[in-house]
Every structure is written in structure tokens, then in C-alpha cells.
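1. Need the 3D shape of this:
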Amino acid sequence: MPLPPAPTQRASRLTHTAFESALLDDETAPALIQVETKIRPTPTAAIAPAVSAALSVNSGLKPAHRSRKPKLDSQTPTQAPVDTKPAHNKPALVPTPTPTASHTSRRPKTTPRAKQGTGPRKLFVLDTNVLMHDPISLFRFEEHDVYLPMIVLEELDGHKKGMTEVARNARQTSRSLDALASAQGDDLVKGSPLNTTGHTDATGHLFFQTQALDLSLPLALPQGKADNQILGVVKALGQMHAPREVVLVSKDINMRVKARALGLHAEDYQNDKTLEDGDLLYPGSLALPSDFWTKNGKTVESWQQGTQTFYRISGPIVPSLFMNQFVYYEAPGEPSLYARVTEIRGKTAVLRTLKDFGHQKNAVWGVTARNREQNFALNVLTDPDIDFVTLAGTAGTGKTLMALAAGLTQVLDDRRYTEIIMTRATVSVGEDIGFLPGTEEEKMGPWMGALDDNLEFLAKGDGGNSGEWGRAATNELIKSRIKVKSMNFMRGRTFMNKYVIIDEAQNLTPKQMKTLITRAGPGTKIICMGNLAQIDTPYLTEGSSGLTFAVDRFKGWAHGGHITLARGERSRLADFASDAL
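-> Below is the predicted model of the structure:
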């Protein structure tokens, strides 16, 4: 039977959700009602639904920065033409009849369309580290307003120089603030609409501190420190705008603790988090239920092509599958199945059995798989149809060794790629040892200890079973095909027919990850590896790491693969230390 048509891609990105913004807040609704009542006569009952929609106010939305889902464009109009019925998505502002109890209520009824953009608008005060962490954070708060203390602008100015990612973010934030301020003109007291620069999701306003505030803080918090000045601003704003909710947003844990100790509302910036919990990370593999063959045995179609077997399955398990996801079936007394999803079409999916890299005859540069997940990883690393691979796992699971072995085989044996390019995030575990001498590759040498260790093992072979190339090739030949590059000079480059390994990817931000992945040219394969339990970059967590971001965004792509390595194979000492310490 011929091979089925090419696999179709499965959408994996988060769905878009439209957020509606309120036309009237609690303060202006009664005033507008009275003005409209004096100017125009009472309209007929035909426009009652429009009046109810115009007066509806959203209530109960969590802070906008907690939403991880992209949102559709929405913009709150300041005035709409008079009409006898509401628009499709936005209620129209119409002449209002004589106020009644339902119209003058401080909390009008909420229409179903306005369910997600609720309640009185909050005022979010941003800490400097939020802007330097995500320069687009200004526009992540939907219908709520954003306030920037003057000390925040001072700190941004102090961090804008340099070539670091923080300095670039500070400069981008400054440009956004300049565009917002210039659009409003000289009068900044009324606030600058956040949607004037094209970010139509943000329907609130940006306010700058334009006057001195009464920064009354306890004596234990001296006002000379920038963090304490921001806390004083939050406290003063809470008193000025009561009962409106004023929230401090900061990535600094100690800052949030001090704010709560003063009775202020403080929250972490969470819009950058791909996942709320690291345990929800896509593992890349799925265990088939024990009754899989009992329920699906009669409907499964199978055929042979070369050394691989294909299965076409259907049933309730298909919607939970992703492209290039590994599935396995293990049961006592029954034959095991190890396969990869190669096609998803409607209610059916096609599984293709895997190559057994645990057998010595299939060794990759002398390396064989020692467990199920390593076999999955070697299958996706050696597949020419897979352009992007992510490997996650604890220390000693074999990520670097397998990536290098697969790369050397495909560069030196198969001639599929011209060379291996390896880079990593240069984040120190301890104190920095200062500037390093030499060329770019020599400066990266101390960071590439893992590369040297694994190359030494691969050059010698494991028990003399490293294959023909492994026995003949010298370290100089191997290293001549491996280039070590610094991430600092990646912008503007294009790698063609290269095998790129990005080590310690858990220390990258999503923006840095995007910068590196977009360097890929025709015929290039990129491998991202990392351990989410060893994040050394400040303000990065398991949920906001660039590795987590890449795994989630490439989930289900027809030319991408991921596997989480579960068991360490370095040594019994390393395995015990990983679990016990």
C-alpha cells in the first residue's frame, strides 16, 4: 500500500481571544445619563436594548499581564454616533431615557459580550525591571491604565548604554515612551492613550508622574533608595485614587514583599510566562492506554514500507496527539510499540515505527540509546525532515553527547551538513573571573567544557565500538568541523547547511531564542538543549524561559520535534545526587 499523503500541520499556538473594553466607567455613567436626559426627549422602548448595552461595564477580569493568550485587536472609542441599535461588537452610545434604578446603579448589568473586560479600570505602577525585562510590557494591560514614577525613567536612563539585552530593552522602552508622549503633546496630565502607536489591544492610558507626591514611608525605609521611592508613589496613588485599585507590578521578589508589608497590592509580571507550572511542559511522548489494542485493534490499518511499519489509527486518542509526538505501548506479555506521529488528518492519525538505536548495529558514532527517551531523541536528531529539535532533561541524561554524536555522523559520514556550530548562554554559576584573552573561539573555550568532555569520549569510542570514522578520525579532524561561536555576534548572520547546537538554552529569554532560531538558512538544523531546573539568568523562571517558549510554540509543527529525557545515564552517583540533593 503506498505511503499516505504528506502529513498536515497541526495548529499548536494558543488561540486568540477578543477582549472588550467598557465605554463608560462607574464615575462617568450617571453624569452622561443626566446630560443626555436634558438635551433629548425620552426615546422609545425600541432603543432600550441599546441603552442597556451602552451602560454595561465589564467586571471581574484578572490583571491583564496574567493572560498568556494573544488577543485580537480591540479599541475603546471615546464617542460613538447616535444609533438605534448597538454595533456588532461595540455598544453604541445613544440618548438615554429618564434614569431608573437599573440605569443609575453603581454596578450596571454585564452583557455577555463584555464578560471578559470587567470592573473599574485598575492602575498598574510598573517597576523598572519589568520594562527592562519586557519592553512591550506597557501594552500588555488591556483596558487598564499604566503609571510610571519619575524614578523609573531615571533608572531606565542609567541602563540604556551598552550592548547587553537589558540595555537594548531599555532603549526600546525609551523609544516607545517617546512615541506615546509626543502623540499626546504637552499635556501629559490627562494621560497618553496606549493604542496610539498601533497596539490596539491596549485601550488604557499611560500616566507619568508630573508632580511631587507625599511619600510618607516608615523610617525603616529610607527615601533615598529607588525601590522605596516607588513604594511611596504606590502608597500615595492609592490614597489619591481610592477606592480605585492601585497595583505594583515588579519582577523583584523583595520589592513585592516590602509592598505587601506596607499593605500595598503587589504582583509579579506574568505575561511573559508561557506556562504557569513547569510540570505542564509538553513532554514530547505519550504512553498509549493499556486497552489501546483492545479498543482499536479492529479499526487499525497497517502496512509495511522498507524496514518501517505504518499504522493508521482512529478514536478518542487522536485529538490529543501532535505531529512528531512519540507514542509507546508497553505491557507485560505483549509486544511493545514505539512509534512517531507522522500525519494527523481529521479523526485519524498515522504512526510510524522507530529505528532501534539501542542496538549496536544502529550506533550513532559509537553511541547507543540506553533508555526509551534516548531512543526517541536519536530518532529525531538523525531525521533529515526535522529542522528544529528541543531536548530537555536533568543533568546526565545525555543531551550534549547525543546531539554531538548525531551531528558528527551527519557532517562527516552522511555529508548532510557542512559543519557543526555550537554556542551557549554565557551565564556564570559563581563569581565572574573577568575578561578572557584570545579570539572569539578562545574566549568561549572555558564555557565549552561540556563540548571538550564529550568530544574526548566520542574520539576514543565507547569500548572500541565507535565505528570506522571514530577509530580513524583524530581530535584535530573532528574539531576542524566544529566551530564555537558567541551569541553576542549572532545578529544579522545566516547559517546555511549547518548543524547548530544551542546549549544551556534554559538561560535564554524568549527574545534571545527567537534571535538565534531565525539565523537558520536553507538546509540548517538547530538543536536546543537545556535543564529547566538550572536557570541562572535573573528574573527567568521555568515558565518564562526561552526553552519553554520554544517547546510550546513549536509543539505540533511538522518539521519540529521535542523530547524530555527522564532518566540520567551519567553514573549512579550523579543519578542519586540529582534526586537527593
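
2. from here on, contacts and neighbour counts on C-alpha atoms
-> OK.

3. If you count residues, where's the longest strand of the chain?
-> In the chain, assigned by DSSP state E, the strand with the most residues is strand 337-345.

4. for it, what is the average pLDDT?
-> For strand 337-345, mean pLDDT is 94.

5. For it, which strands pair with it and how are they oriented?
-> Strand 337-345 has these partner strands in its sheet, going by DSSP bridges: strand 326-329 (antiparallel), strand 348-353 (antiparallel).

6. Which elements pack onto the longest helix anywhere in the chain?
-> Looking across the chain with DSSP state H, the single longest helix is helix 165-184. Helix 165-184 sits against helix 128-133, helix 150-158, strand 192-193, with contacts defined as 3 or more Cα pairs under 8 Å, 6 or more residues apart in numbering; DSSP states H and E.

7. closest one to residue 485 among those?
-> helix 128-133 (24.9 Å; Cα to Cα).

8. Show me the strands in the stretch 451-581 of the chain, by range?
-> For the stretch 451-581 of the chain, the strands defined by DSSP state E, counting those that start in this stretch occupy 482-484, 498-503, 525-530, 560-565.

9. Tell me which residues are up against the third one.
-> Same thing as strand 525-530. 386-393, 399-400, 403, 497-506, 517, 520, 547 (Cα atoms under 8 Å, 6 or more residues apart in numbering).

10. now the longest helix of the chain and helix 150-158, what's the angle there?
-> Counting by axes from the mean of the first three to the mean of the last three Cα atoms, to 10 degrees, helix 165-184 lies at 130 degrees to helix 150-158.

11. which residues touch helix 165-184?
-> With Cα under 8 Å, 6+ apart, helix 165-184 has contacts from 131-136, 156-157, 159-162, 188, 191-194, 196-197.

12. I'd like the average pLDDT over it.
-> 86.

13. Ignoring the adjacent residues along the chain, who's closest to residue 311?
-> residue 302 (4.4 Å; Cα to Cα, 6 or more residues apart in numbering).

14. Show me what the helix or strand where the one you found lies is packed against.
-> Per DSSP states H and E, residue 302 falls inside strand 301-305. Applying 3+ Cα pairs under 8 Å, 6+ apart, we find strand 301-305 packed against strand 308-314.

15. circling back: columns mean neighbour count on top of the strands of the stretch 451-581 of the chain, output as TSV?
-> Formatted as TSV, the strands of the stretch 451-581 of the chain follow (neighbours: other Cα atoms under 10 Å):
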stretch	mean neighbour count
strand 482-484	19
strand 498-503	25
strand 525-530	25
strand 560-565	25
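
16. Any idea which of the ones you listed gets closest to residue 201?
-> strand 560-565 (30.6 Å).

17. Now do the closest one: which elements does it pack against?
-> helix 372-381, strand 388-393.

18. average pLDDT for it?
-> 95.

19. Now find how far off-centre that strand is within its chain.
-> Strand 560-565 sits 17 Å away from the centroid of its parent chain (Cα atoms, centre = their mean, to the nearest Å).

20. That strand pairs with which strands, parallel or anti?
-> strand 388-393 (parallel).

21. Check what contacts the strand it pairs with and list those residues.
-> Outside strand 388-393, the residues that reach it (Cα under 8 Å, 6+ apart) are 377, 380-381, 399, 525-532, 547, 550-551, 559-566.

22. Turn the helices and strands packed on helix 165-184 into TSV, including mean neighbour count, distance to residue 329 and mean pLDDT.
-> Below are the helices and strands packed on helix 165-184 laid out as TSV (neighbours: other Cα atoms under 10 Å; distance: least, Cα to Cα, whole Å; pLDDT from 0 to 100):
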stretch	mean neighbour count	distance to residue 329	mean pLDDT
helix 128-133	22	43	90
helix 150-158	16	55	91
strand 192-193	22	56	88
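
23. Which among those is found nearest to residue 341?
-> Here helix 128-133 is closest among these (Cα to Cα), at 37.2 Å.

24. so how far is that closest one off the chain centroid?
-> The answer for helix 128-133 is 17 Å, by Cα atoms, centre = their mean.

25. got any ranges where the stretch 401-550 of the chain has weak pLDDT?
-> For the stretch 401-550 of the chain, residues meeting the criterion pLDDT under 70 lie at 426-450, 460-475.

26. now the helices: where do they sit in it?
-> Along the stretch 401-550 of the chain, counting by DSSP state H, counting those that start in this stretch, helices occupy 440-443, 449-460, 467-472, 475-480, 510-517, 546-553.

27. Quick check: closest non-adjacent residue to residue 375.
-> Residue 375 sits nearest to residue 369 (Cα to Cα, 6+ apart), 5.1 Å away.

28. my bad, should have said residue 155
-> residue 128 (6.8 Å).

29. That neighbour contacts residue 157, correct?
-> No: assessed by Cα atoms under 8 Å, residue 128 is found out of contact with residue 157, at 10.4 Å.

30. Identify the contacts common to the two.
-> By Cα under 8 Å, 6+ apart, no residue touches both residue 128 and residue 157.

31. thinking again about what came up before, which stretch of helix or strand covers the residue nearest to residue 375?
-> Using DSSP H and E, residue 369 falls outside every helix and strand.

32. so how many other residues sit close to it?
-> Burial of residue 369 is recorded as 22 neighbouring residues (other Cα atoms under 10 Å).

33. separation between it and residue 330?
-> Applying Cα to Cα, to the nearest Å, the value for residue 369 to residue 330 is 17 Å.

34. ok, so what distance separates residue 561 from residue 349?
-> 17 Å.

35. Residue 400 should be in a helix, yeah?
-> Yes: assessed by DSSP: H, G, I helix; E, B strand; the rest coil, residue 400 belongs to a helix.

36. Who are the contact partners of it?
-> Counting by Cα under 8 Å, 6+ apart, residue 400 has contacts 450, 451, 454, 503, 529.

37. Export those to JSON lines and append columns for distance to residue 220.
-> As requested, these are arranged in JSON lines below (distance: Cα to Cα, whole Å):
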{"residue": "450", "distance to residue 220": "47"}
{"residue": "451", "distance to residue 220": "50"}
{"residue": "454", "distance to residue 220": "53"}
{"residue": "503", "distance to residue 220": "44"}
{"residue": "529", "distance to residue 220": "45"}
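
38. Which two of those residues have the greatest separation?
-> It's 454 and 529 that sit farthest apart of those, by Cα to Cα, at 14.7 Å.

39. Wait, residue 283 touches residue 563, no?
-> Yes: counting by Cα under 8 Å, residue 283 does reach residue 563; the two are 5.8 Å apart.

40. Okay, now the unreliable bits of the stretch 201-350 of the chain?
-> Using pLDDT under 70, the stretch 201-350 of the chain drops low at 276-279.

41. ranges for the helices of it?
-> Under DSSP H, counting those that start in this stretch, the stretch 201-350 of the chain gives helices at 226-240, 253-261, 292-296.

42. Most tightly packed of those?
-> Ranked by mean neighbour count, those are led by helix 226-240 with a mean of 21 (mean count of other Cα atoms under 10 Å).

43. Could you tell me how far that helix lies from the centre of the chain?
-> With Cα atoms, centre = their mean, you get 31 Å for helix 226-240.

44. Need phi/psi at residue 370.
-> phi -100, psi -10 (degrees, to the nearest 10).

45. no wait, residue 559
-> According to degrees, to the nearest 10, the main-chain angles of residue 559 amount to phi -120, psi 20.

46. mind listing what the nearest residue to it once chain neighbours are set aside touches?
-> Closest residue to residue 559 apart from its sequence neighbours, by Cα to Cα, 6+ apart: residue 386 at 4.5 Å. Residues in contact with residue 386, defined by Cα under 8 Å, 6+ apart, are 380, 525, 558, 559, 560, 561.
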